[in-house]
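Q: The sequence and its predicted three-dimensional model are supplied below.
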Amino acid sequence: LCFRGNVEQFITWSQKPTRASEDLVFGHWAKHHRFTWGYFDEPIHGSAPLNFKDFLRQRRRWIDGGIDAIRRFLPWRSAVFILAQYVTGLVLGAVSLLGIGLWFLGAFTVPWPFTYLTPISFTIWWGLWFYAGYHVHGWRYAFAAMLTSHVLCSIHLGVLVYTALHALVHGTPESFEVIE
């Protein structure tokens, strides 16, 4: 998140979350006050979690921060918009997984045009991951990247559901969890 000094002086960092999602809150308040921004097409170098425990810790911190921002810091229109995104994503993800599973088990039939869309969308998704694996590591890792993406997306859905439920049950965290 990059911004000009006059934007920071107007929006300020007072009464904003300091544990997580401060960029979300700052950006939405800037939008609320009609500041404009652009896009830089440059790589960003950061450090990703190196193990599953840190991955869970990071996701829980992001979800906690997002829910805290929705509850206490965002303008109401932004809060409603982001909450709608969270709920829509969780509901559509769960319904899609359940629907695909029931369809493969033969629990119901799908009308003609949709029977072709599911395999096409999976093919495109796997193809993008195949290309990414090939582009970064060559043919040797292309198939591994494609198959790993499917497994990781399924695991990630479980992580998101867990972190969202954890944040809702435990409320606002009392401290900032650091990834080691």
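A: That came through fine.
Q: List the residues that contact the most far-flung residue of the chain relative to its centre.
A: For the chain, the C-alpha farthest from the mean C-alpha position belongs to residue 112; by CA atoms, centre = their mean, that distance is 32.1 Å. With contact set as CB atoms under 8 Å, 6 or more residues apart in numbering, residue 112 has no partners. C-beta coordinates here come from the backbone N, C-alpha and C atoms, glycine included.
Q: Which positions in stretch 21-33 come out as buried?
A: Residues of stretch 21-33 classed as buried under the neighbour-count rule (16 or more other CB atoms under 10 Å) are 21, 22, 24, 25, 26, 27, 28, 29, 30.
Q: what's the answer for stretch 48-64, then?
A: Applying a neighbour-count criterion of 16+ other CB under 10 Å, one finds 54, 55, 56, 57, 58, 59, 60, 61, 62, 63, 64 buried in stretch 48-64.
Q: I figured the fifth one hits residue 49, correct?
A: The reference is to residue 58. Yes - between residue 58 and residue 49 a contact is recorded at 5.1 Å, counting by CB atoms under 8 Å.
Q: longest helix anywhere in the chain?
A: The residue-count maximum for a helix in the chain (DSSP state H) belongs to helix 139-170.
Q: Check which helices and strands it sits against.
A: helix 52-68, helix 76-104, helix 112-137 (3 or more CB pairs under 8 Å, 6 or more residues apart in numbering; DSSP states H and E).
Q: could you check the angle helix 76-104 makes with the first one?
A: Between the direction of helix 52-68 and that of helix 76-104, the angle (axes from the mean of the first three to the mean of the last three CA atoms, to 10 degrees) works out to 130 degrees.
Q: Measure how helix 52-68 sits relative to helix 139-170, angle-wise.
A: Going by the same axes, to 10 degrees, helix 52-68 is angled at 50 degrees with respect to helix 139-170.
Q: Need the phi and psi values for residue 74.
A: With angles defined as degrees, to the nearest 10, residue 74 sits at phi -80, psi 150.
Q: That one: neighbouring residues, count only.
A: By the measure other CB atoms under 10 Å, the count of residues near residue 74 is 25.
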